[in-house]
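*Asks:* Next come a sequence and a model predicted from it.
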Amino acid sequence: MRRARPGLGTIVDIAIAVPPGADASAIIEAAFGCVEQLEAQLSMHRADSALNRLCDTAHLQPTATTPAVLDVLKLALDLHRQSQGVFDVTIAPGSCADIELRDDGVLSFKKPLRLDLGGIAKGYVIDCVIELLQQLGVSSGRVNAGGDLRVFGETTEPVSLRFADGFRVVAQICDGAFAASTTGARPMSNAAQADELRHFDGRDREAVSGADTVAVFAGRAIIADALTKIALVNPDIADTLCAQYSAQWRRYPFQLAC
Amino acid sequence: LSHRIEWLLVPAALMASSSSFAAEYFTVDQVQKALFAGATEFRALDITLNDAQASAIGKASGAAVRLPKLNVWKALSSSSVLGYVVVDQVYGKHEFITYAVALSPEGAVQGVEVMTYNESYGSEIRDPAWRAQFTGKTASDALKVNADIRNIGGATLSSVHITDGVRRLLATFQTAIKSAA
């Protein structure tokens, strides 16, 4: 069964092999319910999200948050350190170095910070949905959140990228996650949108220039999602992190279309 | 389980100058039943928006009405009204989406399902006839697509067109569906 609904600011497409005797519709409902519930926590665009509530108080007093926000922030802080600051989920002015995470999961900010998990949260949600599907007895399937995708089970799937002159099949993947990002300004309708989509090097907040695309394959979608942002900025650091996370990446001399 | 990837050689230019992607999730019959599983009848409402209604809907929702003829059904279980199913189409620069919205009897959104999704790049999208190929298509009509283009990675497309469309349908309910039903 395959379904698609708007979610995570894009269209989320979920396909599953239905286990014998299972209620496929109920499984699909549970999967989209998981997307909705996590988006409500991780979104920076919802004033009442757990992420924004954390940012409202963590600079004033140590603040606890939800397991989902904590999971994503833990990896974001690891990647910030491991990438020597290239990967950074704080909105300037600020830095992940200003975030203190205690062993008990309580967070303190050294100064007021706003966080944007856009470079990592979509991958996290995909991983959570796949974990849920597996718990519900689904043996193979696919979750594609508008371009960040992961497949599981023993099927091999072609993956395409959309370039300006058409789609190209760039890989065949089995049981893993695929993500791609493009550098440079895009033909957006307004400057604010274009700014949001441009990728920044967390160390000096310089917008990355050029006209290339990077694609990353990893076991988990959160890793593939995050590593594309690092690979765009610093290939050497990307190589090191790919080795560490059993991931692979490729660069293409074309920009993705959007 | 083993994580595996085989990277393919990517040609600098495409041999053919166009390619398309299509996904079909629901026919009208299927989406009606999926949105209102308990319904025993879907009664079509014959509603065509007049100019004044279309203009009022555009003003209230900020999204212009393109198709005055509505595709709307009342979902009934014996004599009680469970709600409404509205099938609508939106398009962006490269994508064309048919989707269905379930509305409660009071006009609140209860569910949104994508029915068909089509996306096209290359020379054919410069052809004004590109979108025309979808006119009158149902989910069962196969479009000419490359079978290898199954999973598209990268370059997230926004769901803003669907969001705008749903807002337009909510205004449409208040302006035209509620009174006709």
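*Replies:* Done, it's in. Since we're looking at a predicted model, the values are computed, not measured.
*Asks:* From now on I want contacts and neighbour counts done on CA atoms only, so please keep to that.
*Replies:* Fine.
*Asks:* Is any residue of the longest helix seen in chain B near chain A?
*Replies:* Criterion DSSP state H: the longest helix present in chain B is helix B:160-172. Yes. With Cα under 8 Å from any Cα of the partner chain as the measure, helix B:160-172 is seen reaching chain A through B:160, B:162.
*Asks:* buried stuff in that helix?
*Replies:* Taking 16 or more other Cα atoms under 10 Å in any protein chain shown as the basis for neighbour counts, the residues of helix B:160-172 that come out buried are B:161-163, B:165-172.
*Asks:* could those go into CSV alongside pLDDT and distance to A:Thr156?
*Replies:* Compiled in CSV, the buried residues of helix B:160-172 are given as follows (pLDDT from 0 to 100; distance: Cα to Cα, whole Å):
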residue, pLDDT, distance to A:Thr156
B:His161, 94, 32
B:Ile162, 95, 31
B:Thr163, 94, 33
B:Gly165, 96, 35
B:Val166, 96, 36
B:Arg167, 96, 39
B:Arg168, 97, 40
B:Leu169, 97, 40
B:Leu170, 97, 41
B:Ala171, 97, 44
B:Thr172, 97, 44
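*Asks:* Flag every residue of chain B that's near chain A.
*Replies:* Of all the residues in chain B, those in contact range of chain A (Cα under 8 Å from any Cα) are B:1-10, B:13-14, B:17-20, B:25, B:112-115, B:120-123, B:148-160, B:162.
*Asks:* In ChimeraX, how would I select just the buried ones from the residues you listed?
*Replies:* Written as a ChimeraX command, the selection of buried residues from the residues of chain B next to chain A, which uses 16+ other Cα under 10 Å, is:
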select /B:3,4,5,7,18,19,20,25,112,113,114,115,120,121,122,149,150,151,152,153,154,155,156,157,158,159,162
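*Asks:* Now for A:Phe167, how many residues are close by?
*Replies:* The local packing count at A:Phe167 equals 26, with neighbours defined by other Cα atoms under 10 Å in any protein chain shown.
*Asks:* how about B:Arg150, phi and psi?
*Replies:* Here the main-chain torsion angles of B:Arg150 (degrees, to the nearest 10) amount to phi -110, psi -40.
*Asks:* got a list of what it touches?
*Replies:* Taking Cα atoms under 8 Å, 6 or more residues apart in numbering or on different chains, we find B:Arg150 in contact with A:157-160, B:21.
*Asks:* Now the residue nearest to the spatial centre of chain B: closest residue in space, sequence neighbours ignored.
*Replies:* Most central in chain B under Cα atoms, centre = their mean is B:Thr98, positioned 1.9 Å from the mean C-alpha point. Sequence neighbours aside, B:Gln89 is the residue nearest to B:Thr98 in space, at 4.4 Å (criterion: Cα to Cα, 6 or more residues apart in numbering or on different chains).
*Asks:* can you check A:Ala31 too?
*Replies:* With sequence-adjacent residues excluded and distances taken as Cα to Cα, 6+ apart, A:Ala31 is closest to A:Val129, at 5.7 Å.
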